[in-house]
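S.K.: Predicted model and sequence follow; I will ask about them next.
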Amino acid sequence: MTEDIIVMRRGENPLQVCARIEKMADEINERYLPPGVKLVPYYDRTGLTERTLHTVGHNMIEGIALVAAGAVPLFWGWATGVPRLSWRWPYRLRCWGRF
């Protein structure tokens, strides 16, 4: 039994890398290894990557909805929304600088 580690380059797409590794493992098993010897990947990041992308997408949608729900009442009336912003935001920014 032998063990090997495949290192992914920084910035690469993990789903594409996992697909290429599976394809390469199949090719090695079919062409180069003698009968009875098989290359078996034992750790696959595809499921982890897909779950992570789903979670990030879900959280982004929730965040956008929460920001929109907070901004809509603020901007509901243009005549009242602009004066509120022009008074509150500089005051808040000035207070943040003190902490």
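M.R.: Structure received. Numbers count the residues shown, from 1 in each chain.

S.K.: Which of the three states applies to the closest residue to Val17 other than its chain neighbours?
M.R.: Of all residues beyond its chain neighbours, the one nearest Val17 is Met8 (5.0 Å), with distances taken as CB to CB, 6 or more residues apart in numbering. Every C-beta, even on glycine, is put in place using the N, C-alpha and C of the backbone. Secondary structure state of Met8, per DSSP: H, G, I helix; E, B strand; the rest coil, is coil.

S.K.: Met8 - how many residues pack around it?
M.R.: The number of residues packed near Met8 is 13, by other CB atoms under 10 Å.

S.K.: Next: Cys18.
M.R.: Count around Cys18 with other CB under 10 Å applied: 19.

S.K.: Quick check: the gap between Ile6 and Val40.
M.R.: 13 Å (CB to CB, to the nearest Å).

S.K.: Same drill for the two, tell me which one is more crowded.
M.R.: Comparing Ile6 with Val40 by other CB under 10 Å, the one with more neighbours is Ile6, at 12 against 7.
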